[in-house]
Every structure is written in C-alpha cells, then in structure tokens.
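> next input, structure requested:
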Amino acid sequence: MNMRRPFPLVNDSDTPEWIIENTMHVYVPAQFSGTVMDNDNNQALAGVTVAAGPYFTETDESGTYSLYTDEGEYDVIFDKTGYIPVTVADTTSIAGNVTTINIGMWNANYPPAFVHAEVQDDDTWCRVTWALPQGPYEITIDDGKRMTFSFLPWAGAGMQ
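Predicted coordinates:
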C-alpha cells in the first residue's frame with residue numbers, strides 16, 4: 001500500500017483528504033446449475049449431492065441446484081441414497097458462465113438378501129423364502145430432516 005503522505009496520528013484540518021493507492025482483483029466463478037428428476041416417476045429429487053472436484057452442493061425441495069466452481073474441466077457427480085449415481089464426465093465450466101446440467105436418476109432397487117426354493121410333496125409344489133433387501137435406506141424424520149442409515153431389516157418367527 002503506497003500513500004502519498006504519511007498517515008496522520010491526529011485529525012488534521014489542513015489535510016482533510018488522503019489518497020491511498022489500491023489494486024482490486026475481482027474473481028468471477030464458473031457455475032453449474034440445473035434440475036435433478038426421478039426417472040421412475042418424473043418427480044423432483046431433493047437431497048441429491050452434486051459434486052465437481054472439491055466443490056459440492058445439494059438439490060433443494062424442487063430438485064434444483066447451483067454449484068460455483070473455479071473455471072476448468074470436471075466430472076460432475078450426482079449421488080443420492082437409494083439411487084444409481086450419475087457422472088457427467090469431462091464437463092467444462094467457464095468463468096462468468098452458467099453451464100446447465102439437467103439429469104434424471106434411476107431408483108437403485110436392492111435385490112433380496114437371499115432366495116431359497118425347496119421342492120415339496122413329490123414335486124407338486126415349491127416353498128420359496130427370501131429375506132428383505134439390505135440398504136442403505138433413507139429415513140425422513142417428522143421434522144423434515146433427512147438422515148441416512150445402514151441397517152438390516154428382519155422379521156423373526158411369527159412376525160409378518
């Protein structure tokens with residue numbers, strides 16, 4: 001910082017104005033923006049994590065997001081519990097511009113933990129048993145906050 005005069009230690013009515021030279025650098029970020037939809041029912045998906053390099057955000061209740069990044073080339077990754085992740089590879093973001101990426105995500109249907117078929121009564125019928133799929137699952141609590149848990153659902157003897 002260069003001053004044309006030394007900085008005053010007291011109020012000086014003879015020099016009411018000081019000129020301070022300064023250089024300002026303005027940073028203009030690049031931006032990714034768009035909407036994420038559920039391909040199964042065409043509804044907006046809230047809570048999808050959108051990441052590009054070290055930058056990330058989350059979609060709002062209407063499935064929209066806005067992600068500011070440095071100018072460059074990124075793999076933009078969309079991820080949500082219960083859905084198959086989507087990667088839009090080698091996507092360029094340009095400073096001062098908005099790059100729109102609208103995507104749909106498919107539900108990740110988990111297979112049963114096991115299926116067992118046992119032939120009964122002289123090959124006249126077959127008993128099939130299976131276990132519920134294993135997560136992870138997303139649970140929405142009464143207060144509207146999303147929490148992700150990994151747990152194993154089960155039912156014991158006599159439980160339906």
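
> can you classify the residue in the chain sticking out farthest from the centre by secondary structure?
Within the chain, the residue lying farthest from the chain centre (Cα atoms, centre = their mean) is residue 14, at 59.6 Å. Classification of residue 14 using DSSP: H, G, I helix; E, B strand; the rest coil returns coil.

> and this structure, what are its domains?
Domains of the chain are assigned by automatic domain parsing as 30-105, 115-149.

> looking at the ones you listed, which is closest to residue 19?
For residue 19, the closest of the domains of the chain is domain 30-105, at 31.5 Å, according to Cβ to Cβ. To be clear about C-beta, it is placed using only N, CA and C from the backbone, and glycine gets the same treatment.

> how long is the closest one from one end to the other?
The first and final residues of domain 30-105 sit 24 Å from each other (Cα to Cα, to the nearest Å).

> how about low-confidence regions in this protein?
Residue ranges of the chain with pLDDT under 70: 1-13, 15-16, 18, 135-160.

> residue closest to the middle of it?
For the chain, the residue nearest the mean C-alpha position is residue 49 (0.6 Å; Cα atoms, centre = their mean).

> for it, give me phi and psi.
phi -80, psi 130 (degrees, to the nearest 10).

> can you report how many residues lie near the nearest residue to residue 134 once chain neighbours are set aside?
Among residues not flanking residue 134 along the chain, residue 113 sits closest, at 5.3 Å (Cβ to Cβ, 6 or more residues apart in numbering). When neighbours are counted by other Cβ atoms under 10 Å, residue 113 registers 13.

> residue 113 is in contact with residue 131, isn't it?
Yes: counting by Cβ atoms under 8 Å, residue 113 touches residue 131, with 3.7 Å between them.

> so what are the sheet partners of the host helix or strand of residue 77 and their directions?
Residue 77 belongs to strand 72-79 when assigned by DSSP states H and E. Sheet pairing here is set by DSSP bridges, and for strand 72-79 it gives strand 49-52 (antiparallel), strand 86-93 (antiparallel).

> show me where this protein has strands.
Using DSSP state E, the strands of the chain run over 30-38, 49-52, 55-58, 64-69, 72-79, 86-93, 98-100, 103-105, 115-120, 125-130, 137-140, 146-149.
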